[in-house]
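>>> give me coordinates for this.
(2 chains)
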Amino acid sequence: MTGEVQTNLQIGEDGNGRFNVRGFPWWLVAIIGFLIMMFLLIMTNPDYNRAFNFIKGDFGGIEGLQDSGIAGFIGTGIAITIYTTLIAFAVALVIGLLAGLGRVSTNVFVRNIAITYIEFIRGVPTLVLIFTVAYVIVPPVSEMLGFSGQSISNNSRGIIALSIIYGAFLAEVFRAGIESVPLGQTEAARSLGLNGRQAMRHVVLPQAIRNVLPALGNDFIAMLKDSSLISVLAVRDITQMARLHAGSTFRFRESYLVLTFLYLSMTIALSLFLRWYEKRLRQNAR
Amino acid sequence: MHDNSSDGVQTRPGHVLGDDIIVIKNIYKVFGNVMAVCGFSLNVRQGEVVVVVGPSGSGKSTVLRCINHLEVPTEGAIYVDGIHLEDEKTNINAVRAEVGMVFQQFNLFGHLSVLENITLAQRLVRKRTTQEAERVAMEQLERVGIPEKARAFPRQLSGGQQQRVAIARSLAMNPKIMLFDEPTSALDPEMIKEVLDVMLDLARGGMTMVVVTHEMGFARSAADRVVFMDQGCVVETASPRTLFNDPQHERTKLFLSKIISH
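Numbers count the residues shown, from 1 in each chain, chains lettered A, B, ... in the order given. Next up is the predicted model:
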């Protein structure tokens, strides 16, 4: 889902210890250069500084978060973005695993339920789904479960929407992972007397999950970016804070450059970690 | 040569269902529009070693896979230890626990150590404690000659070692029958012997074995009977001496001349 840059991160040296101009990650230098420039602007320029402090959310935010230590440190806006992503991704992992298992089930009914869910979600734009889930699906379902639709905050609705959307994408990731494990593994497990469920749980899934860890990481980054969409529900994440700041001060350049800076520093850090991790996985596989 | 008391090949009386640990009755297997097995029958007695040979695509592996229900015959019936496999009421997992299978590609579980590979099914299916399962696993690893590899992972082992672990993994379940599906075909030549030695040992120990292989040397020294298959059918069944030295059918002669001439 993310447009990954396909470069290997070798730190500018070839095997002989010579400086390798072609292999050097110039792209990373450029991006870090941008990040440093933004950092300096925020530290020195009062307009950027004001935008930064507003967006990271010293002002306002959702109830209960202002007081907590971590939000006080990094700001409620950033806290909302991060915790929305973390919770929605955790729920999406569970939904995705179940739907992925359903997708490869031999049971016709279960399989079709899973495919319906996946194809439905994949056929509708994320933004549209966020509106639909938040305003059309959540209220009646929560009434059915016995509590008023009003009692569910917009942030929670956003998290529910992102979980449902990413559950469908992760289901396909898990399906691909399960299918990447050779059939012989299942056959060996079954021929030892394990039943289908035991073979899946103890033999296929552990290997499938290991195979899809990098893909899951990419989807985590994608979700961090898509969490910006819940700003349309007036949730005060960093995107919404940037819109508010731009709207009230007309400092569009400062607001959106700072917003860009915030997302990019998070995604680049994650992406570098992922590259390192993938490289380590490849080395271990040898 | 091994002296399993089985000249009984030719003199064997017509047998009843209960006598034989494996009874295959006239099975057919169709894949799409290909008839992989057409009318295959075989009875295997307890302790007998049957080697199935034949050109590739002759249906040998399919027959073997039918014996532990990895393939379901399109028609016909298979009884293992008196249990009808194709009966819907049969608990196939219980039958499979008694039937060990060794694959061409080893199929060790890559995410588990050698020891864990061998203990997994013991714990889940045989309900042994971890301690008991590990004791059995080490016994079997001693038997196949690589106890020092217990903590290694499959990818750190040679092909021959992996296949021996796979054999140990099956044996740890104390199966009544062992099935071998071309166990040496994926191995480098210098590793074939270490695997065949383990199998030969097993045959001499009285294990009931059905082996699909191209190793004619193994067939000669270990088999009580050799079945020659071609195009999904049994062409000829005989003791190894008879089949290799005095084949009755043209197709058998042709096949043997192709593989033994060099």
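>>> quick check: closest non-adjacent residue to whatever residue of chain B ends up closest to chain A.
Residue nearest to chain A within chain B: residue B:97 (3.2 Å; Cβ to the nearest Cβ). Heads up, the C-betas are built off the backbone N, CA and C, glycines and all. Spatial nearest neighbour of residue B:97, chain neighbours left out: residue A:193 (3.2 Å); criterion: Cβ to Cβ, 6 or more residues apart in numbering or on different chains.
>>> do I have it right that that neighbour meets residue B:123?
No. Look at residue A:193 against residue B:123 with Cβ atoms under 8 Å: they stay out of range, at 11.5 Å.
>>> what does chain B put close to chain A?
B:68, B:70, B:93-94, B:96-97, B:99-101, B:103, B:105, B:107-111, B:120-121, B:124-125, B:155, B:166, B:169-170, B:173 (Cβ under 8 Å from any Cβ of the partner chain).
>>> which residues touch residue B:195?
Listed by Cβ atoms under 8 Å, 6 or more residues apart in numbering or on different chains, the contact partners of residue B:195 are B:160, B:163, B:164, B:167, B:183, B:184, B:187.
>>> what is the neighbour count of the nearest residue to the last one once chain neighbours are set aside?
The one in question is residue B:187. Spatial nearest neighbour of residue B:187, excluding adjacent residues (Cβ to Cβ, 6+ apart): residue B:159 at 4.7 Å. Counted by other Cβ atoms under 10 Å in any protein chain shown, the residues lying close to residue B:159 total 18.
>>> check residue B:108 too.
For residue B:108, using other Cβ under 10 Å, the count is 25.
>>> so it, which state does it fall into?
coil (DSSP: H, G, I helix; E, B strand; the rest coil).
>>> quick one, what contacts it?
Contacts of residue B:108 by Cβ under 8 Å, 6+ apart are A:188, B:114, B:117, B:154, B:162, B:165, B:166, B:169.
>>> cool, and residue B:36?
Per Cβ under 8 Å, 6+ apart, neighbours of residue B:36: B:29, B:30, B:59, B:62, B:232.
>>> so which of the residues you listed sit within strands?
With DSSP state E as the criterion, strands contain B:29, B:30 from among the contacts of residue B:36.
>>> got the contacts of residue B:36 as CSV, with pLDDT columns?
Below are those laid out as CSV (pLDDT from 0 to 100):
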residue, pLDDT
B:29, 94
B:30, 93
B:59, 90
B:62, 94
B:232, 90
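>>> now the contacts of residue B:36: which count as buried?
B:29, B:59, B:62, B:232 (16 or more other Cβ atoms under 10 Å in any protein chain shown).
>>> adding distance to residue A:54, write these out as JSON lines.
Shown next, in JSON lines, are the buried ones among the contacts of residue B:36 (distance: Cβ to Cβ, whole Å):
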{"residue": "B:29", "distance to residue A:54": "72"}
{"residue": "B:59", "distance to residue A:54": "75"}
{"residue": "B:62", "distance to residue A:54": "71"}
{"residue": "B:232", "distance to residue A:54": "77"}
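>>> ok, the closest residue to residue A:45 other than its chain neighbours to chain B distance?
Closest residue to residue A:45 apart from its sequence neighbours, by Cβ to Cβ, 6+ apart: residue A:254 at 8.0 Å. Taking Cβ to the nearest Cβ, to the nearest Å as the measure, residue A:254 falls 50 Å from chain B.
>>> you'd agree residue A:254 is in a helix?
Yes. Counting by three-state DSSP, residue A:254 is located in a helix.
>>> tell me the contacts of it?
A:45, A:47, A:48, A:50, A:51, A:245.
>>> with residue A:219 instead?
Per Cβ under 8 Å, 6+ apart, neighbours of residue A:219: A:1, A:89, A:166, A:169, A:170, A:173.
>>> check residue A:192 too.
Contacts of residue A:192 (Cβ under 8 Å, 6+ apart): B:96, B:97, B:100, B:120, B:121, B:125, B:169, B:170, B:173.
>>> count the neighbours of the second one for me.
Spelled out, it's residue B:97. 23.
>>> distance from the helix or strand hosting residue B:201 to the middle of the chain?
In the assignment (DSSP states H and E), residue B:201 maps to helix B:189-204. With Cα atoms, centre = their mean, to the nearest Å as the basis, helix B:189-204 stands 13 Å off its chain's centre.
>>> can I get the next helix or strand after it in CSV, CA atoms only?
Next helix or strand after helix B:189-204 toward the C-terminus (DSSP H and E): strand B:208-212. Provided in CSV are the C-alpha atoms of strand B:208-212 (Å, rounded to 0.1, in the frame of the first residue of the first chain):
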residue,chain,number,x,y,z
THR,B,208,5.9,-53.1,8.0
MET,B,209,7.1,-50.9,5.2
VAL,B,210,5.8,-49.8,1.8
VAL,B,211,8.6,-48.1,-0.1
VAL,B,212,8.4,-46.2,-3.4
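>>> residues of the helix or strand just after strand B:208-212 that come out buried?
As assigned by DSSP H and E, the chain's next helix or strand after strand B:208-212 is helix B:216-222. Within helix B:216-222, the residues that qualify as buried are B:216, B:218, B:219, B:220, B:222, counting by 16+ other Cβ under 10 Å.
>>> that older thread, quick one: secondary structure of the residue nearest to residue B:97?
coil.
>>> contacts only, for it.
Residue A:193 makes contact with B:93, B:94, B:96, B:97, B:121, B:125, B:173, according to Cβ under 8 Å, 6+ apart.
>>> give me the buried subset of the residues you listed.
Of those, these count as buried by 16+ other Cβ under 10 Å: B:93, B:96, B:97, B:121, B:125, B:173.
>>> so which of those residues belong to helices?
In helices, judged by DSSP state H, the following of the buried ones among the contacts of residue A:193 are found: B:93, B:96, B:97, B:121.
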